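> the sequence isn't on hand, but the structure is:
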């Protein structure tokens, strides 16, 4: 056993490769809902709490993370047969750091206003546990196509969660929706920006306690919803299993 | 010592039930609040009554809603144990008397749903629900929560009648400047910030001595410090609370205040001014003594109370907010589990460290 541990075994061979990599619908569903980074895995809480002071910030952060996650999953999947398990973590981190630097510089160049708001948190995508988590849990065990779908699904699930939390906090805290969305999406999306007239806003929702409170209520809501759905499907006649 | 030994029917001694219950305790606390509340109504008129009523109603309504959503079957019994009513009452006592209606509703939501039911309901909450709501409201809505109206006793002509009171309560229009006023703590802090020391700013109509009769602006329960004190003493006398926590809170404020005032009366308010201002009395007798969120031992309660008093004085003297009782209570609530862990009652037959006591030689078996 100890000899095996010392032997440099390529990752893809060491871990039992999951054969069912073709169930793309299932992977999408996992990423968007069942295994949602924020609402199910409770990973990446730092950006999920710190950045979601508005819908636009959440969307921007989510899209940046999605880009990194998609490419990192593909690259990790590509090199899974050549990297040994002993050095995999440094290799993954170097890969992810490179990608984050690219995204960071690209946002600084083309989305400068949003970059000024998100600033530090873009660089912190490097240590976003969701990205290393997906590399470890999925990409090293699956083919390139499946890893790409997983990265996209997880990233979009993360984006959706961040945007949703951001919208709720922004609405309750400042009475606006998608404020400064044109910074991110271009002037043609200025129609998204809404403001509730005559509402002063509850500052607490913008502050960290508001983030935790919103997340808590959303988690509770998701669990209630899932239980209702489970009860409903249990009550309905079970479909014949082939 | 199996767990069943604790829950089993006691057989050895006669165990009489004291007749006490959550409902009875809550009722006594509410009785103790009545004089100060009535005085507040007289002082600030109909708007303060509507605020008080709606705060309590929203607390009760949201409690019922939470219980229903959680699938509790004994909603009525839990609802009328008086705990939600008391939470709403205490919250209303800390609000500016002319605060608009939505402050009452949002406050009730934060107190009952976020402050209490999320943790599992009565007896489970870590923080005092009324203080959670007070702090959340203050941080969220700084302007309506710091607008103090000048006292307009109901018997005076300028006091709003029933309809006008309702109008003030339901519209969130800013109050006319002529009616606005500052509480003693807020006023002295503002004047100090402007570079006017207390010896000058507290002369004339802002003299702390006016605090004694309570006819001054402030929260609903802030003006009537002496009536709150009387209610608190009734609670101590009736055995609902012990003297440890309130005495420690008041000492925690008074001792540093007396020292500061003796050293530099131009920059530090005197101890009586501190004790009769803001939430000192309400906090000491009604907030800090909450069974759920304070330590269990007398020694622990003294530490807890001293901490509240000291933090309150520090925030009042050096902090950004003029009053710090709510923050102090929340901070010490967070420390309560630690205090309970460090200060434990001695077990019979063992010393404080838990070692068995030496049996004196010659003691009969």
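On my side now, so go ahead. This is a predicted model, so every value here is computed, not measured.
> for stretch B:186-195, what is the distance to the chain centroid?
With C-alpha atoms, centre = their mean, to the nearest Å as the basis, stretch B:186-195 stands 25 Å off its chain's centre.
> residue B:135 and residue A:165: what is the separation?
Distance, residue B:135 to residue A:165, by C-beta to C-beta, to the nearest Å: 22 Å. All C-beta spots, glycine's among them, are computed from the backbone N, C-alpha and C.
> what does residue B:221 give?
Remark: distance between residue B:221 and residue A:165 (C-beta to C-beta) = 37 Å.
> between the two, which one's more packed in?
residue B:221 (29 against 24; other C-beta atoms under 10 Å in any protein chain shown).
> wait, the more buried one touches residue B:282, no?
Yes: with contact defined as C-beta atoms under 8 Å, residue B:221 counts as touching residue B:282 (4.9 Å).
> between these two, what contacts are shared?
Shared contacts of residue B:221 and residue B:282 (C-beta atoms under 8 Å, 6 or more residues apart in numbering or on different chains): B:90, B:93, B:94, B:228.
> what pLDDT does residue 16 get?
Chain wasn't specified; assuming chain A. The confidence metric pLDDT takes the value 51 at residue A:16.
> not quite, go with chain B.
Residue B:16 is assigned 72 on the pLDDT scale.
> so it sits in a helix?
No: read with DSSP: H, G, I helix; E, B strand; the rest coil, residue B:16 is coil and lies in no helix.
> now for it: which residues touch it?
Not one residue lies near residue B:16 by C-beta under 8 Å, 6+ apart.
> could you look up the SS state of residue A:27?
helix.
> verify the contact between it and residue A:146 for me.
Yes: Residue A:27 is within contact range of residue A:146, at 6.3 Å (criterion: C-beta under 8 Å).
> give the phi and psi angles for residue A:177, as a check.
The phi and psi values for residue A:177, taken as degrees, to the nearest 10, are phi -130, psi 130.
> show me what contacts the spatially closest residue to it that is not a sequence neighbour?
Closest residue in space to residue A:177, ignoring its immediate chain neighbours: residue A:194 at 4.2 Å, by C-beta to C-beta, 6 or more residues apart in numbering or on different chains. Listed by C-beta under 8 Å, 6+ apart, the contact set of residue A:194 reads A:176, A:177, A:178.
> go with 10 Å
When contacts are counted by C-beta atoms under 10 Å, 6 or more residues apart in numbering or on different chains, residue A:194 touches A:170, A:171, A:175, A:176, A:177, A:178, A:179, A:181.
> residue A:27 and residue A:146: which is more packed in?
residue A:27 (25 against 21).
> pLDDT score for the more buried one?
87.
> from residue A:44, how far off is it?
For residue A:27, the distance to residue A:44 equals 19 Å [C-beta to C-beta].
> picking up where we left off before, may I ask which of the contacts of residue A:194 has the most neighbours?
Busiest of the contacts of residue A:194 [other C-beta under 10 Å] is residue A:170, holding 25 neighbours.
> quick one: mean pLDDT over whatever helix or strand that one lives in.
Secondary structure from DSSP states H and E places residue A:170 in helix A:144-174. On average, the pLDDT along helix A:144-174 is 93.
> likewise for stretch A:102-111?
Averaged over stretch A:102-111, pLDDT sits at 90.
> now do the buried residues in it.
A:103, A:104, A:107, A:111 (16 or more other C-beta atoms under 10 Å in any protein chain shown).
> quick one: which of those residues is nearest residue A:54?
Residue A:54 has its nearest neighbour among the buried residues of stretch A:102-111 in residue A:111, at 14.7 Å by C-beta to C-beta.
> and the residue lying closest to the closest one once chain neighbours are set aside, how many neighbours?
Excluding its sequence neighbours, the residue lying closest to residue A:111 (C-beta to C-beta, 6+ apart) is residue A:184, at 6.2 Å. The number of residues packed near residue A:184 is 21, by other C-beta under 10 Å.
> and the contacts of whichever strand or helix holds residue A:184?
Assignment of secondary structure by DSSP H and E places residue A:184 within helix A:181-185. Helix A:181-185 has contacts (C-beta under 10 Å, 6+ apart) with A:54-57, A:59-60, A:63, A:107, A:111-118, A:178, A:187-194.
> go again with 7 Å.
A:56, A:59, A:60, A:111, A:113, A:114, A:189, A:190, A:192, A:193 (C-beta atoms under 7 Å, 6 or more residues apart in numbering or on different chains).
> and the second one, what element?
Under the criterion DSSP H and E, the helix or strand holding residue A:59 is helix A:55-78.
> mind checking which of the buried residues of stretch A:102-111 land in helices?
Residues of the buried residues of stretch A:102-111 located in helices (DSSP state H): A:103, A:104, A:107.
> mind checking pLDDT for residue A:241?
For residue A:241, the pLDDT comes out at 50.
> would you mind listing what in chain A touches chain B?
By C-beta under 7 Å from any C-beta of the partner chain, the residues of chain A that approach chain B are A:200, A:202, A:203, A:204, A:207, A:213.
> show me which pair in the residues you listed is furthest apart.
A:200 and A:213 (18.7 Å).
> comparing those two, which residue is more hemmed in?
Taking other C-beta under 10 Å, residue A:200 and residue A:213 do not tie; residue A:213 has more neighbours (20 against 14).
> which residues sit in contact with that one?
residue B:114.
> run the angle between the strand or helix carrying it and helix A:144-174 for me.
For residue A:213, the enclosing helix or strand under DSSP H and E is helix A:208-235. Counting by axes from the mean of the first three to the mean of the last three C-alpha atoms, to 10 degrees, helix A:208-235 lies at 120 degrees to helix A:144-174.
> gap between helix A:208-235 and the chain center?
That offset, for helix A:208-235, works out to 18 Å (C-alpha atoms, centre = their mean).
> how about the residue lying closest to residue B:112 once chain neighbours are set aside, secondary structure?
Using C-beta to C-beta, 6+ apart and skipping residues adjacent in sequence, the residue nearest residue B:112 is residue B:62, 4.4 Å away. Under three-state DSSP, the three-state class of residue B:62 is helix.
> check the gap between residue B:62 and residue B:106 for me.
Going from residue B:62 to residue B:106 by C-beta to C-beta gives 11 Å.
> which one of these two has more residues nearby?
For residue B:62 versus residue B:106, neighbours defined as other C-beta under 10 Å are more numerous around residue B:62 (21 against 18).
> ok now do the more buried one, which residues does it touch?
Applying C-beta under 7 Å, 6+ apart to residue B:62 gives the contacts B:108, B:109, B:112, B:113.
> in helices, which of those fall?
B:108, B:109.
> ok, and the most crowded of the contacts of residue B:62?
Comparing the contacts of residue B:62 by number of neighbours (other C-beta under 10 Å), residue B:112 comes first, having 31 neighbours.
> correct me if wrong: that residue contacts residue B:59.
Yes: at 5.2 Å, residue B:112 counts as touching residue B:59 under the criterion of C-beta atoms under 7 Å.
> so where is the chain shaky, pLDDT-wise?
Going with chain A. For chain A, the stretches with pLDDT under 70 are A:1-22, A:237-242.
> actually chain B
B:1-15, B:154-159, B:172-182, B:195, B:199-216, B:362-365.
> which residue is nearest the middle of it?
Central residue of chain B (C-alpha atoms, centre = their mean): residue B:287, 3.1 Å from the mean position.
> tell me which element the nearest residue to it once chain neighbours are set aside is part of?
Computed as C-beta to C-beta, 6+ apart, the closest residue to residue B:287 that is not its neighbour in sequence is residue B:329, at 5.5 Å. Element membership of residue B:329, judged by DSSP H and E, is helix B:325-342.
> buried sites along that helix?
For helix B:325-342, burial by neighbour count (16+ other C-beta under 10 Å) applies to B:325, B:326, B:327, B:328, B:329, B:330, B:331, B:332, B:333, B:336, B:339.
> quick one: the fifth one and residue B:336, what's the gap?
Remark: distance between residue B:329 and residue B:336 (C-beta to C-beta) = 10 Å.
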